[in-house]
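K.L.:
dropping a prediction and its sequence here:
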Amino acid sequence: MNCNQGGAAGAKSSPGDAMNDLRLGAARKRLAESRDEEDAVEGLREIVANLLGCEEIGLFRVNRKTATFQVCWSFGIDLENYDLRRALGDAGVARVMSGECHIDLAARERTSAMPKAQAFVHMRVANQTIAILAILRLLPQKVAFDRFDMELFTLLSDEAAKPLFGRSPHATPETEGPGLTGPGLTV
C-alpha cells in the first residue's frame, strides 16, 4: 500500500515495536473473527476509535458503473454536510481508487481554524478498490498519524473488505450484491 501523506509521520521506536505488533494482531483478529457484516462494522469502529484515536468515520461503497460513492455506514459524520468527492478532490479520488492511501494532516474544517488530520483508505478485493474508508478529525490528544497508523491503514486496506462485504477473493463489485446497507445516499 502506498501512502500519500500531507505531513511527516512520526518515527517508530524499538520499544514500541512489540506493542504495535500486538495492536496490529488484535485488529487483525477482530476483523477475522467477525460473525457477520454488522459485527465487522462494529469491529472497524472499535479499531479506528481505539487504535487510531478517531470517532468520525465513514465507509463509502464504490459504484464503478455510475462513478459515485454510496454511504454504507458512518459514525460521527454529518452526512448532510459531508461530500467525499469534495473532501478528496479529483486527484485524491484517482489516487485512492488506484490503491493509494491519502493522508491529509493539514485539512481544515469549514467552521474552525483548527487543523484536523484525515485519512482515506482504499479497501480492496481482487486488487480492485470496492470501498473507501474516510477517517476524519482525530481526538484532541492525537495530533497526527504515525508509522503504526500507516501499518494499520495497510491492514484495513488489505483485510477489512472481506468481513465487511462478505466477498470471496474472486468477486467484483458488479458480480455480487450491494454488501452493507445504508441510507442510500450517493456522494
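P.N.:
Okay, I see it. Residues are numbered from 1 along each chain as shown.
K.L.:
these two touch, right, Arg45 and Ile57?
P.N.:
Yes. Arg45 is within contact range of Ile57, at 6.3 Å (criterion: Cβ atoms under 8 Å). In short, each C-beta sits where N, CA and C put it, glycine included.
K.L.:
pLDDT weak spots in the protein?
P.N.:
Along the chain, segments meeting pLDDT under 70 span 1-15, 105-117, 167-187.
K.L.:
more neighbours, Arg45 and Ile57?
P.N.:
Ile57 (21 against 18; other Cβ atoms under 10 Å).
K.L.:
residues contacting that one?
P.N.:
For Ile57, the contact set (Cβ atoms under 8 Å, 6 or more residues apart in numbering) comprises 44-45, 48-49, 74-77, 133-136.
K.L.:
that one bridge partners, please.
P.N.:
Applying DSSP bridges to Ile57 yields these beta-bridge partners: Phe75, Ile135.
K.L.:
what of His102?
P.N.:
Beta-bridge partners of His102, as defined by DSSP bridges: Asn4, Phe120.
K.L.:
what's the following helix or strand after the longest helix anywhere in the chain?
P.N.:
Assignment by DSSP state H gives helix 14-32 as the longest helix of the chain. Counting by DSSP states H and E, the element after helix 14-32 in chain order, helix or strand, is helix 37-47.
K.L.:
what's the angle between that following helix and helix 14-32?
P.N.:
Here the directions of helix 37-47 and helix 14-32 differ by 160 degrees (axes from the mean of the first three to the mean of the last three Cα atoms, to 10 degrees).
K.L.:
where do the strands sit along the chain?
P.N.:
Using DSSP state E, the strands assigned to the chain run over residues 2-5, 57-63, 68-75, 100-104, 118-125, 128-135.
K.L.:
dump these into TSV; add distance to Phe148 as well.
P.N.:
Shown next, in TSV, are the strands of the chain (distance: least, Cβ to Cβ, whole Å):
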stretch	distance to Phe148
strand 2-5	13
strand 57-63	18
strand 68-75	21
strand 100-104	13
strand 118-125	13
strand 128-135	14
